[in-house]
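1. What follows is a predicted structure for the sequence shown.
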Amino acid sequence: SAVISQKPSRDICQRGTSLTIQCQVDSQVTMMFWYRQQPGQSLTLIATANQGSEATYESGFVIDKFPISRPNLTFSTLTVSNMSPEDSSIYLCSVEGGSLGYGATDTQYFGPGTRLTVL
Amino acid sequence: QKEVEQNSGPLSVPEGAIASLNCTYSDRGSQSFFWYRQYSGKSPELIMSIYSNGDKEDGRFTAQLNKASQYVSLLIRDSQPSDSATYLCAVNTRYIPTFGRGTSLIVHP
């Protein structure tokens, strides 16, 4: 099965700074997804990242706050900009099962997550 | 606003019992339904998918779907302490899922 890795696994950051999270998949995939999971809350989709085009953001999320790069079919980054304590969360990247070749198109396979704490 | 509702729990069951987890959703156009398991400190992992009304069994897990009632459930038979986790219900109306907040399950010896 495909391996999805994220870096860093956790970080503690100061208010006003930015953090870039990396997601690497060991196979080529068309779409990559970025989620946020705040304490006690559901997984919330931030944006969908397609290689070669601008990311598609969900309602409530904007590119200036969460810029995303997708330079190739195996890699994506999410930046959390000008952070505040409200950005403390787990950030997860995911890919569709269908693009991995062994899951259904509408299933999600997640990376291990990045636990972010903003002081 | 598409919503997926779950009782946050915790649901506590003794080892060997049947655990029943429930989920309701608001969008009648939903086509695909999933259960993910999330251990503490880990990312969610897919355990069941169901697309049509009725039951779908996979080992000790049974997913049940009732589209008329907009209701999805997950039964875990012969519950084990290793089943202790948060179970997330997810519903697709586009190509991506909307997740519930999850139900915490505790299986005690």
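-> Everything's here; your move.

2. OK, contacts around the residue nearest to A:Asn50 when sequence neighbours are not counted?
-> With CB to CB, 6 or more residues apart in numbering or on different chains as the measure, A:Met31 is the residue that lies nearest to A:Asn50, at 5.7 Å, once sequence neighbours are left out. Placement of C-beta: from N, CA and C, glycine included. Shown here is A:Met31, whose contacts under the criterion CB atoms under 8 Å, 6 or more residues apart in numbering or on different chains are A:48-50, A:95-96, A:99.

3. Buried among those? Need that as a selection in ChimeraX.
-> Buried subset of the contacts of A:Met31, written as a ChimeraX selection, criterion 16 or more other CB atoms under 10 Å in any protein chain shown:
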select /A:48,49,95,96,99
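
4. I'd like the distance from stretch A:34-48 to the chain centre, please.
-> For stretch A:34-48, the gap between its own C-alpha mean and the chain's C-alpha mean amounts to 9 Å (CA atoms, centre = their mean, to the nearest Å).

5. List the buried residues in it.
-> When neighbours are counted by 16+ other CB under 10 Å, the buried residues of stretch A:34-48 are found to be A:34-37, A:42-48.

6. Make TSV out of these and add pLDDT, distance to chain B and secondary structure.
-> Conversion of these to TSV gives the following (pLDDT from 0 to 100; distance: CB to the nearest CB, whole Å; DSSP: H, G, I helix; E, B strand; the rest coil):
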residue	pLDDT	distance to chain B	secondary structure
A:Trp34	97	11	strand
A:Tyr35	97	8	strand
A:Arg36	97	11	strand
A:Gln37	96	9	strand
A:Ser42	87	4	coil
A:Leu43	93	4	strand
A:Thr44	94	8	strand
A:Leu45	94	6	strand
A:Ile46	96	11	strand
A:Ala47	96	11	strand
A:Thr48	93	7	strand
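
7. Confirm that B:Ser82 sits in a helix.
-> Yes. The assignment for B:Ser82 by DSSP: H, G, I helix; E, B strand; the rest coil puts it in a helix.

8. Can you read off the pLDDT for it?
-> Predicted confidence (pLDDT) for B:Ser82: 97.

9. mind checking how far it is from chain A?
-> 19 Å (CB to the nearest CB, to the nearest Å).

10. tell me which helix or strand of chain A sits lowest on mean pLDDT?
-> Of all regular secondary-structure elements in chain A, judged by mean pLDDT, DSSP states H and E, the least confident is helix A:97-100 with a mean of 74.

11. which helices and strands does the next helix or strand after that helix pack with?
-> Remark: after helix A:97-100, the chain's next helix or strand is strand A:108-110, criterion DSSP states H and E. Packed against strand A:108-110 by the contact rule (3 or more CB pairs under 8 Å, 6 or more residues apart in numbering or on different chains; DSSP states H and E) you find strand A:89-96, helix A:97-100, strand B:45-50.

12. residues in contact with the lowest-mean-pLDDT helix or strand in chain B?
-> In chain B, the helix or strand scored least confidently by mean pLDDT, DSSP H and E is strand B:97-99, which has a mean of 90. Surrounding strand B:97-99, the residues in contact under the criterion CB under 8 Å, 6+ apart are A:42-44, A:106, A:108, B:2-4, B:25, B:27, B:32, B:34, B:36, B:88-92.
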